[in-house]
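Chemist: Just need the structure, nothing else, for what follows:
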Amino acid sequence: MGLLSFIKNAGAKLGIGKSVAEEAAEAAAATAAANEVAASKMIETVSALGIEIENMNVVIDGELATVTGVSKDQSSKEKAVLVVGNTEGIAQVDDQIIVDNPEPEATYYTVEKGDYLSKIAKKVYGDAMKYPVIFEANKPMLSDPDKIYPGQVLRIPPLA
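Modeler: Below you'll find the model as predicted:
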């Protein structure tokens with residue numbers, strides 16, 4: 001068989017008077033508009049939390065968010081990425097934020113059912129009493145050490 005050609009605007013219209021291509025284009029435009037609103041809200045949230053990222057931009061493509069901008073330090077960069085990544089509907093973050101003063105990067109930990117900060121501290125640092133280090137590293141996203149949830153990703157900074 002192979003490739004067959006048709007006259008684009010002469011076919012049967014499916015749906016409510018619109019071609020499949022028109023409906024797909026409208027759906028794509030609606031998705032793009034929703035993604036722009038979500039990206040704007042992510043940027044607003046980062047700013048409202050006092051996390052400073054110059055010229056921050058977020059572009060959402062499906063479950064992927066690409067984040068750009070300039071951060072004064074590694075901690076702010078990682079916190080901004082966590083705000084974006086811990087947003088419902090986002091499965092991956094492409095971190096393109098540039099850091100003015102590079103520092104050692106934190107590792108990340110995904111909270112599991114039954115976890116609490118001291119249990120996580122015991123797991124990653126070998127000392128449950130180091131939980132305040134994790135709590136402080138995740139402020140202002142965490143307002144209380146007892147308010148973590150399964151699936152949430154936390155920063156685990158290196159110990160000094």
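Chemist: Pop out the phi and psi values for residue 66.
Modeler: Residue 66 adopts backbone torsions of phi -100, psi 130, taken as degrees, to the nearest 10.
Chemist: show me what contacts it?
Modeler: Contact analysis of residue 66 by CB atoms under 8 Å, 6 or more residues apart in numbering lists 58-60, 93-94, 96. (Glycine included, C-beta is placed from N, CA and C.)
Chemist: dump the residue contacts of residue 60.
Modeler: Listed by CB under 8 Å, 6+ apart, the contact set of residue 60 reads 35-36, 38-39, 66, 90.
Chemist: what about residue 73, distance to residue 21?
Modeler: According to CB to CB, to the nearest Å, residue 73 and residue 21 sit 48 Å apart.
Chemist: wait, residue 143
Modeler: As defined by CB to CB, residue 143 lies at a distance of 48 Å from residue 21.
Chemist: now do residue 48
Modeler: 40 Å.
Chemist: got the residue ranges for the strands in this structure?
Modeler: Taking DSSP state E as the criterion, the chain contains strands spanning 53-61, 64-73, 92-101, 107-110, 153-156.
Chemist: deepest of those, which one?
Modeler: Burial of these is given as mean neighbour count (mean count of other CB atoms under 10 Å); strand 153-156 ranks first at a mean of 20.
Chemist: By neighbour count, which bits of the lowest-mean-pLDDT helix or strand in the chain are buried? Give me those.
Modeler: Every helix and strand of the chain was ranked by mean pLDDT, DSSP states H and E. The lowest is helix 20-48, at a mean of 90. Across helix 20-48, burial judged by 16 or more other CB atoms under 10 Å covers 35, 38-39, 42-43, 46.
Chemist: ok, back up a step: which one of the contacts of residue 66 is nearest residue 148?
Modeler: Nearest to residue 148, judged by CB to CB, of the contacts of residue 66 is residue 93 at 19.0 Å.
Chemist: okay, now the nearest residue to that closest one once chain neighbours are set aside: neighbour count?
Modeler: Excluding its sequence neighbours, the residue lying closest to residue 93 (CB to CB, 6 or more residues apart in numbering) is residue 85, at 4.4 Å. Residue 85: 18 surrounding residues under other CB atoms under 10 Å.
Chemist: Pass me the low-pLDDT residue ranges in the protein, would you?
Modeler: With pLDDT under 70 as the threshold, the chain has low-confidence stretches at 1-17.
Chemist: how close does residue 98 sit to residue 71?
Modeler: Residue 98 is 7 Å from residue 71, where distance means CB to CB.
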